[in-house]
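# Below are the sequence and a predicted model; questions follow.
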Amino acid sequence: QGAVNAVAFVDESQVVAGYDTSDIRRWKIEDGQQQGQTMQAGKCVRSIASSQDGRWIVSGDNGSRVTVWNALTNEKVRHAQYGNWVWAVDISSDCTKVVGAGYYGTDNFSPDGSRFATVSYDYGVRVYSTHDGKVLFDSGTEGSTNSSRPVTPLVWSADGQQLFVASKGKIASFNISDSSSTEWPIHENQIPPSIASNDIFIACSAGSSVSLWDWMSQRQIGPIITHTAQIRCIALSPSGGYLACGFADGKIT
């Protein structure tokens, strides 16, 4: 069924995955069974997100399209045409707004939904007002991912005051209120990493392994999780109890 390019948790019992075959499938964690019909994006799926209330799934694809799906029926609700491949999508915490980012860019809503952030290949990190699109923070070129691979290198802290950006060999933290920044090394320095986060910790995948980090102390939690194949995407469940990894052979662990 193709490589898994994106994965997200619908809730604590289900994941949804986007494939390079244009398929979108929901899977039950307990028994690995598919839930409902396969959704068809029409082009290779690059990004996926689920709303906090479990009602909506949003996908971004190589057809320059952002699509909203009903998470209960798997039916298409609406779509919007974008200017380029949609490498990142997110849904605001009130489940009423969607944001998408194009080629070599990634975006993310703040926890309260009042802002959204972007990080790009060579222009660093920016934070925008959800209300009027005004730029509230700009890191300049600092924080650029320097990666042309479809990774997800941007997450917010639980309090909405910091942004964490992963690039080769490190994670950088940007304080939005005073524009200060810090960084620390990660377990892999050759392959562009992806990160996911919840209220307590950050999961960082690079190559075939995943490390966990306390976002306040920036210290590693526990041992590195190692797989036999390269990880293409990761996600954390809302409680942090589950970590999902997607692979090129179509499998999800």
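Received it, and whenever you're ready, just let me know what you need.

# Does Ile225 have any beta-bridge partners, and if so which?
Val210 (DSSP bridges).

# Verify the stated contact: it with Val210.
Yes. With contact defined as CB atoms under 8 Å, Ile225 and Val210 form a contacting pair (4.3 Å). Backbone N, C-alpha and C define where each C-beta goes, glycine included.

# Determine the residues that are contacts of both of these two.
Residues touching both Ile225 and Val210 (CB atoms under 8 Å, 6 or more residues apart in numbering): Leu243.

# which residue packs closest to Gln230, ignoring adjacent ones?
Ser208 (5.2 Å; CB to CB, 6 or more residues apart in numbering).

# So the one you found is in contact with His227, correct?
Yes. Between Ser208 and His227 there is a contact under CB under 8 Å: 4.8 Å.

# Please report how far Ser208 lies from Ala88.
In this view, Ser208 and Ala88 are 23 Å apart by CB to CB, to the nearest Å.

# of those two, who's got more company?
Legend: neighbour count by other CB atoms under 10 Å for Ser208 and Ala88, higher for Ala88 (25 against 16).

# so what's Ser120 bridging to?
Beta-bridge partners for Ser120, by DSSP bridges, are Gly105.

# Neighbours of it, how many?
Neighbour number of Ser120 under other CB under 10 Å is 21.

# again, but for Gly140
Gly140: 10 neighbours (other CB under 10 Å).

# Skip the chain neighbours and tell me the closest residue to it.
Nearest to Gly140 is Gly124, by CB to CB, 6+ apart, at 5.3 Å.

# so that neighbour makes contact with Phe137?
No. Using CB under 8 Å, Gly124 makes no contact with Phe137, being 10.0 Å away.

# and the two? which has more neighbours close in?
Remark: of Gly124 and Phe137, Gly124 carries more neighbours, 19 against 16, as counted by other CB under 10 Å.

# Give the bridge partners for Ile48, please.
Under the criterion used (DSSP bridges), Ile48 bridges to Ser59.

# That one - how many residues pack around it?
Residue neighbour count, defined by other CB under 10 Å, stands at 28 for Ile48.

# Model confidence for it, exactly?
pLDDT for Ile48: 96.

# Pretty sure Val210 sits against Gly246.
No. Counting by CB under 8 Å, Val210 does not reach Gly246; the two are 11.9 Å apart.

# if we can go back for a sec, quick one: the residue nearest to Gly140 and Gly133, what's the gap?
In terms of CB to CB, Gly124 sits 18 Å off from Gly133.

# Please apply the same query to Leu72.
Counting by CB to CB, the separation of Leu72 from Gly133 is 32 Å.

# residue contacts, Ala88?
By CB under 8 Å, 6+ apart, the residues touching Ala88 are 46-47, 60, 100-101, 105-108, 152.

# Please check those residues and keep the buried ones.
Among those, those buried by neighbour count (16 or more other CB atoms under 10 Å) are 46-47, 60, 100-101, 105-108, 152.

# Taking those together, which two end up most distant?
Using CB to CB, the buried ones among the contacts of Ala88 span at most 15.0 Å, a distance reached by Arg46 and Asn108.
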